[in-house]
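Visitor: build me a model from this:
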Amino acid sequence: MVQRLPAGGTIRIDGVTTSGPRITLDPGRHTVRLEAVDYRPMDTVVVVTAGSTGTITFRGSRVNRPVITTESTGTLMIRVGPFAKIFVDGRLAVEDVQLIRQLSAGTHRIRFEKDGFQMKDTTIVITAGDTIRRVFRLERKPE
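Guide: Just a heads-up that it's a prediction; the model follows:
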């Protein structure tokens, strides 16, 4: 079980995003990463034995966000196929085929998720005053 993860936080086990208040893991060693907007990510390794239960408490420290002014933003325009959840900097932005968003100048992490498809993770650099246009296509998970 994961405790104290802020709303909208992300749980990754062995690099795969998962969700829910209770997570079942196969016995063995697993790498767990907990992420939340405005917090430093937390990484830990857990060793699961058959029939055991455990709790991970999120202890990521807050990070200070800069004040954003219109002089320090750019526009991000994304299209994705098929329809997917689009996350910006770890926070769900929209569940759609399109995202248009003003973002602070700098590097931003963009993630796409859809059941039955491979998650896609990328970074995009926004320059103040510019418009960045990108198109992404998600690939089905191998069967």
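
Visitor: can you get me a residue count around the closest residue to R33 other than its chain neighbours?
Guide: Distances taken as C-beta to C-beta, 6 or more residues apart in numbering place R12 nearest to R33, at 4.3 Å, with adjacent residues excluded. Quick note: C-beta positions are derived from backbone N, CA and C, even for glycine. R12 has 16 neighbours, counted by other C-beta atoms under 10 Å.

Visitor: how about the contacts made by R12?
Guide: Contacts for R12 (C-beta atoms under 8 Å, 6 or more residues apart in numbering) come out as T18, V32, R33, L34, E35.

Visitor: so which of those belong to helices?
Guide: Nothing among the contacts of R12 maps onto helices, per DSSP state H.

Visitor: of these, buried ones?
Guide: Listed as buried from the contacts of R12 are V32, L34, E35; burial here means 16 or more other C-beta atoms under 10 Å.

Visitor: quick check: bridge partners of the residue nearest to R33?
Guide: R12 has the following beta-bridge partners by DSSP bridges: T17, R33.

Visitor: against M77, how distant is it?
Guide: 27 Å (C-beta to C-beta, to the nearest Å).

Visitor: doesn't S72 make contact with I126?
Guide: No - the pair I126 / S72 is not scored as a contact, 9.5 Å apart, by C-beta atoms under 8 Å.

Visitor: which of these two has more neighbours?
Guide: Taking neighbours as other C-beta under 10 Å, I126 and S72 compare with I126 leading, 21 against 15.

Visitor: could you find the closest non-adjacent residue to that one?
Guide: G74 (4.0 Å).
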